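[1] using only what follows, build the 3D model:
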Amino acid sequence: MSLDAGLVWFRRDLRLADNAALAAALGSCRRVHCVFVYDRAILDELRAAGLHADRRVEFIHAAVDALDETLRARGGGLMITHGRAVDSVVDLARRLNVDAVFAGNDYEPYATARDTEVERLLAVQGRRLSLHKDQVIFEKGEVMTGGGTPFSVFTPYRNAWLKRLADDDVAEREADFAPLAPAAGPPLRPTLEQLGFRTTNLAGLRLPLGEAGAKQLLDDFIGRIDDYRATRDFPALRGPSYLSVHLRFGTVSIRELVRRARAHTSEGAATWLAELVWREFYQMILWHHPHVVDRAFRPEYDRIAWEQGAQAEEHFRAWCEGRTGYPIVDAGMRQLNQTGYMHNRLRMITASFLAKDLGIDWRRGERYFAQRLNDYDLAANNGGWQWAASTGCDAQPYFRIFNPVTQSERFDPRGQFIRRYVPEVANLADKEIHAPWLASADRQLAARCVVGRDYPAPLVDHALARRKTLQRYSAAKGR
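    Okay, the predicted model is just below:
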């Protein structure tokens, strides 16, 4: 051990197991303190947006309390503060007289600017910031083309990623917890109300919380991982892992997920591993092309003339509220609004509908998802939206436009998912439920689903909207 004291700053790694920053601190310091900061720079922005009840804050709150309990069981404890992260961490490092602050690397623009400032202020005190790769298997420029440039197409990136992957990359970061500094007194955990937030319906969603909850979900998924490829696109089935929010906040290690996937040789496991690589692909894109935060990856698509005016505003509100008249779209949006979760297939369908059926700027949808998704991750959300809108790297061609009715018929054939979230159409037959307006007047009356009275008429005709979208994108490319 070369350092006397260290401070572990937990951020997107709210767990003890396989934690790179914590393992580094415990392996190099005689005494290790731990801190979590409820960052006002982030929380105040949420409150300013009117999100006084936010499931993500409640999820983090539960994970932080659980982390403190597990640290205390190991002989340590978690100092929890509520303030500006830069000020809190630098001040605490001074008061504890630590040699270094240890944290997991973060790649979003706010995080990198924050860490640069923390590093500068710590250096003034003669201390250092020690950042460790923990969110991803490969970061920044670790996976590049043969010419040394960033990839812009997923498949060759995935192939290079898999070729480079070695056992050491996913080995567990084990630690001896002996250097943990004892907690100073009883737990000091701010309540949600003290943070300025109210409770949500998170407890009623049956989402297992904290590091223990992540383990429970992972064990459940591994028992059905071999079926993942066959079940993943059907929202009425238990196909996904449901681990995205845990991966987002680090209550589970990405290394453990990859290890568990590699332990299976099935197509399902290979497909799930590819989804984890997609996540890193978008992280890489954000790092090398930060302009994607508010602009198209492909500059020509910044010239698209999106719909504006009163009708566009009404269409956007209808999309947000799940009353577009297309049941699969409305079911997806209502799932998001009610639970903070949306199935991945539905993310593609709803995003395509906003950009290519309604002709509304994809950035508006991206921002709405950013406010509502429990698992919101800037890189993944941005990448997914630009893929659906055909403005991003390796996006589907602009002339490929999801038909919401055929998508509904294919991926929710019996309307099980639709009936769960759009009860207005529940009495329609399986073949009618995907396009209620095509049912006869007698059938609509019998099903108590009269279009225009009990359920909205479609905002747009898909065939007409498709032609308009092709013109919109062709004009942007041709200017």
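[2] from here on, just use CA atoms for contacts and neighbour counts.
    Will do.
[3] can you map out the strands along the stretch 51-200 of the chain?
    Assigned by DSSP state E, counting those that start in this stretch, the stretch 51-200 of the chain shows strands spanning 79-83, 100-104, 128-132.
[4] what's the angle from the last one to strand 100-104?
    For strand 128-132 against strand 100-104, the angle between stretch directions is 20 degrees (axes from the mean of the first three to the mean of the last three C-alpha atoms, to 10 degrees).
[5] chain center to strand 128-132, what's the gap?
    Between the mean C-alpha point of strand 128-132 and the mean C-alpha point of its chain there is a distance of 25 Å (C-alpha atoms, centre = their mean, to the nearest Å).
[6] and that strand, what does it pack onto?
    The contact analysis (3 or more C-alpha pairs under 8 Å, 6 or more residues apart in numbering; DSSP states H and E) places strand 128-132 against helix 20-28, strand 100-104, helix 109-124.
[7] show residues contacting the last one.
    Outside helix 109-124, the residues within contact range by C-alpha atoms under 8 Å, 6 or more residues apart in numbering are 86, 89-90, 93, 106, 128-129, 290.
[8] what does stretch 286-304 contact?
    With C-alpha under 8 Å, 6+ apart as the test, stretch 286-304 has contacts from 107-109, 140, 150, 363, 378-379, 382, 386, 391-393, 472-473, 475-477.
[9] and that stretch, how far apart are its ends?
    Stretch 286-304 has an end-to-end distance of 22 Å (C-alpha to C-alpha, to the nearest Å).
[10] how about stretch 369-378?
    End-to-end distance for stretch 369-378: 10 Å, by C-alpha to C-alpha.
[11] do stretch 177-187 as well
    Stretch 177-187 has an end-to-end distance of 19 Å (criterion: C-alpha to C-alpha).
[12] again, but for stretch 47-61
    Criterion C-alpha to C-alpha; first-to-last residue distance in stretch 47-61 is 16 Å.
[13] can you give me the mean pLDDT across it?
    Here the mean pLDDT over stretch 47-61 is 93, rounded to a whole number.
[14] centre of the chain versus it, how much separation?
    Distance, stretch centre to chain centre, for stretch 47-61: 15 Å (C-alpha atoms, centre = their mean).
[15] quick one on the thing from earlier: and the contacts of helix 109-124, which two are the farthest apart?
    Set against one another by C-alpha to C-alpha, the contacts of helix 109-124 have their most distant pair in Ala93 and Pro290, with a gap of 30.8 Å.
[16] more crowded one of those two?
    Ala93 (22 against 15; other C-alpha atoms under 10 Å).
[17] burial measure for the closest residue to Leu438 other than its chain neighbours, as a count.
    If you skip the residues right next to it in sequence, Leu438 has Glu432 as its closest partner in space, 7.3 Å away by C-alpha to C-alpha, 6 or more residues apart in numbering. Using other C-alpha under 10 Å, the number of residues around Glu432 comes to 19.
[18] now Glu432, what's its secondary structure?
    State at Glu432, reduced to three classes by DSSP: H, G, I helix; E, B strand; the rest coil: coil.
[19] pLDDT at it, what is it?
    98.
[20] do you know how far it is from Thr145?
    Here the criterion is C-alpha to C-alpha. By it, Glu432 lies 49 Å from Thr145.
[21] shaky segments in the chain?
    Scanning the chain with the threshold set as pLDDT under 70 gives 1, 479.
[22] switch to 80 and redo it
    Judged by pLDDT under 80, the chain has its weakly predicted residues at 1, 184-186, 394-396, 478-479.
[23] so how far is Leu273 from Leu165?
    Distance, Leu165 to Leu273, by C-alpha to C-alpha: 12 Å.
[24] higher neighbour count, those two?
    Relative neighbour count places Leu273 above the other of Leu165 and Leu273, with 19 against 13, counting by other C-alpha under 10 Å.
[25] correct me if wrong: that one contacts Val258.
    Yes: distance between Leu273 and Val258: 6.6 Å, which falls inside the contact criterion (C-alpha atoms under 8 Å).
[26] now do the helices in the stretch 251-400 of the chain.
    Taking DSSP state H, counting those that start in this stretch as the criterion, the stretch 251-400 of the chain carries its helices at 254-262, 267-288, 310-321, 327-339, 344-352, 362-372, 378-388.
[27] what packs against the fifth one?
    Pointing back at helix 344-352 there. Identification of packing neighbours for helix 344-352 by 3+ C-alpha pairs under 8 Å, 6+ apart yields helix 327-339, helix 378-388.
[28] buried set for the longest one?
    Applying a neighbour-count criterion of 16 or more other C-alpha atoms under 10 Å, the buried positions in helix 327-339 are 327-337, 339.
[29] identify the residues contacting it?
    For helix 327-339, contacts defined as C-alpha under 8 Å, 6+ apart pick out 201-202, 205, 319-324, 341-343, 346-347, 349-350, 353, 372-373, 404-405, 408, 417-418, 420-422, 425, 433-435.
[30] can I get it in CSV, CA atoms only?
    What follows is the C-alpha trace of helix 327-339 in CSV, where atoms were taken according to Å, rounded to 0.1, in the frame of the first residue of the first chain:
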residue,chain,number,x,y,z
PRO,A,327,-52.7,1.3,-30.2
ILE,A,328,-49.2,0.0,-30.3
VAL,A,329,-47.7,3.5,-30.1
ASP,A,330,-50.1,4.6,-27.4
ALA,A,331,-49.4,1.4,-25.4
GLY,A,332,-45.7,2.1,-25.5
MET,A,333,-46.1,5.7,-24.4
ARG,A,334,-48.5,4.9,-21.6
GLN,A,335,-46.1,2.2,-20.4
LEU,A,336,-43.4,4.8,-20.3
ASN,A,337,-45.5,7.4,-18.5
GLN,A,338,-46.9,4.9,-15.9
THR,A,339,-43.7,3.0,-15.2
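[31] thinking again about what came up before, winner for burial among the strands of the stretch 51-200 of the chain?
    Among the strands of the stretch 51-200 of the chain, strand 100-104 has the highest mean neighbour count (mean count of other C-alpha atoms under 10 Å), at a mean of 25.
[32] that strand packs against which elements?
    Contact here means 3+ C-alpha pairs under 8 Å, 6+ apart; on that basis strand 100-104 packs against strand 3-10, helix 20-28, strand 128-132.
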